[in-house]
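# Okay, sequence plus prediction incoming.
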Amino acid sequence: MKTRALTFSPSTIFFATVLTATALLGGCYKVGDAVNGAVYDIKVQKNKQENEPKLKNFDDVGDKYQPANSAELAKYDWVLVSAQMQGAPIERYESIIAKRSATMNFGDNLVSYSLGCNNYRSSYQLNEGVISLNSIGATMMSCNNTNNGQLTLNQIEDKFTNALAQSRLRFANNPDEQTATLVQQKGVEVLIWQGVLKNNIRFGEPVRLYWEIDPETVNCVDTTGGDKMCLKIRKVNYNAEGIKVGAGAWRTFYGKIHGFNHQGNVRQIIRLNAYNNPDGKENPYYVFDSIVESEIINAQ
């Protein structure tokens, strides 16, 4: 019988985030200078729907797909985009796929995954593409029923873990070289995962920053001369012990922080990563990492 080991709680992660903040914020790295100024003229790239892989025949994925190996799997962040049994959708995964809440990551001989509730982690081995799981640990949250009303999410998690163990994994890079497709098959069940190249693989190591985000946005002009709403931000400084020691001046930020959702009634200090992207439309390329502090601001 599988046992579950409790992992760190979100409050523990929050505490560790504050304690580990350092004085890197004042570094002289060029990307950091551009980010800290927050007035860098960045061309905002419109959101694009990533092309989801579509396989016409799930019983024969063709020569394009090779047995998965750990090095390639570790380069991507994986999201479940399809689940079929003999060509028909597997009902228990439909809501999870629609919400894109099933994620999986590989690295350091560990695989971690979630279907949108509990977080699972296990050491693993691959033998000609067949994955073996060892020492599975998980959080122990009680999850709500799914939309089909038949299985709880906890039950679906258990079924998925059983399906992952000893499943055959086949992998293929997509032509754009920034995405990949992973086929997970066990018996007649076939799950398709879409992989997006991890930012540190795509761009290299980032500059880590801490910004305070004002609850109110401000009117600004984009690179085409059109009006839009921009964030109002300022850099926050921490000492080596993780104590906040000051903040910079408020500035208008014209770009985008990927993965960050602004809330008009919440003052937040966030941790983000800035990647050097000289050949891209967005340089620096900003990615949200975590919330360090948040405070609800009551409207007067």
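All right, it came through fine.

# Next SSE downstream of the helix or strand harbouring Ala163?
Remark: Ala163 resides in helix 153-164, with elements defined by DSSP states H and E. Using DSSP H and E, the helix or strand that follows helix 153-164 towards the C-terminus is strand 168-173.

# Distance from the chain centre to the helix or strand that comes right after that next one, please.
Going down the chain from strand 168-173, the next helix or strand is strand 179-186, by DSSP H and E. How far strand 179-186 lies from its chain's middle: 18 Å, per C-alpha atoms, centre = their mean, to the nearest Å.

# for stretch 111-123, same thing?
Remark: stretch 111-123 is offset 13 Å from the chain centroid, using C-alpha atoms, centre = their mean.

# which residue ranges form the strands in the stretch 51-200 of the chain?
Counting by DSSP state E, counting those that start in this stretch, the stretch 51-200 of the chain has these strands, from start to end: 66-67, 76-85, 88-89, 103-107, 110-114, 119-127, 130-138, 168-173, 179-186, 189-197.

# can those strands go into a markdown table with extra columns for mean pLDDT?
Supplementary listing: the strands of the stretch 51-200 of the chain in a markdown table, determined by pLDDT from 0 to 100:
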| stretch | mean pLDDT |
| --- | --- |
| strand 66-67 | 94 |
| strand 76-85 | 97 |
| strand 88-89 | 94 |
| strand 103-107 | 96 |
| strand 110-114 | 97 |
| strand 119-127 | 96 |
| strand 130-138 | 95 |
| strand 168-173 | 95 |
| strand 179-186 | 96 |
| strand 189-197 | 96 |
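
# Identify whichever of those strands lies nearest to Leu153.
Shortest distance between Leu153 and the strands of the stretch 51-200 of the chain, using C-beta to C-beta, is found for strand 110-114: 10.4 Å. For glycine as for every other residue, the C-beta is placed from the backbone atoms N, C-alpha and C.

# and for the closest one, what are the contacting residues?
Defining contact as C-beta atoms under 8 Å, 6 or more residues apart in numbering, one finds that strand 110-114 is touched by 101-105, 119-124, 131, 133, 160, 164.

# Quick check: the two most widely separated of these?
Using C-beta to C-beta, the contacts of strand 110-114 reach their maximum pairwise distance at Ser101 and Ser123, which is 24.0 Å.

# Show the average pLDDT along the helix holding Ala163.
Averaged over helix 153-164, pLDDT sits at 94.

# Identify the residues contacting it?
2, 92-93, 96, 102, 113, 115-118, 120, 131, 133, 136, 138, 142-146, 151, 184, 186, 189, 191.

# picking that back up, from the contacts of strand 110-114, list the buried ones, please.
Buried by 16 or more other C-beta atoms under 10 Å: Ala102, Thr103, Met104, Asn105, Tyr120, Arg121, Ser122, Tyr124, Ile131, Leu133, Phe160, Leu164, out of these.

# and which of those residues is nearest Asn265?
Thr103 (28.5 Å).

# Go ahead and confirm that closest one touches Tyr76.
No - with contacts counted by C-beta atoms under 8 Å, Thr103 stays clear of Tyr76, the gap being 10.9 Å.

# Please produce CSV containing the strands of the stretch 51-200 of the chain, extended by distance to Gly225.
Converted to CSV, the strands of the stretch 51-200 of the chain look like this (distance: least, C-beta to C-beta, whole Å):
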stretch, distance to Gly225
strand 66-67, 48
strand 76-85, 35
strand 88-89, 46
strand 103-107, 39
strand 110-114, 43
strand 119-127, 45
strand 130-138, 51
strand 168-173, 39
strand 179-186, 33
strand 189-197, 32
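
# so which of those gets nearest Asp227?
Going by C-beta to C-beta, the one of the strands of the stretch 51-200 of the chain nearest Asp227 is strand 189-197, 31.5 Å.
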